[in-house]
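Engineer: Give me the fold of what follows.
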Amino acid sequence: MEYREVIRKYPDIIRKHFPVTEEKDIVMGIALGYEDKEARINQYRSKRVSLDSFLMAKT
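Structural biologist: The predicted structure follows:
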């Protein structure tokens, strides 16, 4: 089982260690690697909002 499946199937484990209420969904995204600077898709730049508008991280 991959880590993504664990987060999706067992959110209670995450909630045990982090203050995430039932009303919140636990989601995660990650991308690794290097862009292909010649690929057309990598020329696209989307509008971005600040991380603070949607991300809460506590340690």
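Engineer: quick one: the residue nearest the centre of the chain from residue 55, how far?
Structural biologist: With distances taken as C-alpha atoms, centre = their mean, residue 28 lies nearest the centre of the chain, 2.7 Å away. For residue 28, the distance to residue 55 (C-beta to C-beta, to the nearest Å) stands at 11 Å. (C-beta placed from N, C-alpha, C; glycine too.)
Engineer: give me the low-pLDDT residue ranges for this protein?
Structural biologist: Within the chain, the ranges that satisfy pLDDT under 70 run 1-7, 29-31.
Engineer: switch to 90 and redo it
Structural biologist: Where the chain drops to pLDDT under 90, the residues are 1-20, 22, 24-35, 37, 41-46, 48, 51-59.
Engineer: Which of the helices or strands spans residue 49?
Structural biologist: Element membership for residue 49 (DSSP states H and E) is empty, with no helix or strand holding it.
Engineer: Any idea how many residues pack against it?
Structural biologist: Using other C-beta atoms under 10 Å, residue 49 is surrounded by 8 other residues.
Engineer: Quickly note the distance from it to residue 55.
Structural biologist: Between residue 49 and residue 55 the computed distance is 10 Å (C-beta to C-beta).
Engineer: Now do the contacts for residue 18.
Structural biologist: residue 58 (C-beta atoms under 8 Å, 6 or more residues apart in numbering).
Engineer: going forward can the numbers begin at 20, since that is how I track them
Structural biologist: With the count now opening at 20, the last piece we talked about shows up as residue 37.
Engineer: Quick check: it vs residue 54, distance?
Structural biologist: To residue 54, residue 37 is 31 Å away according to C-beta to C-beta.
Engineer: now do residue 67
Structural biologist: From residue 67 to residue 54 the distance is 16 Å (C-beta to C-beta).
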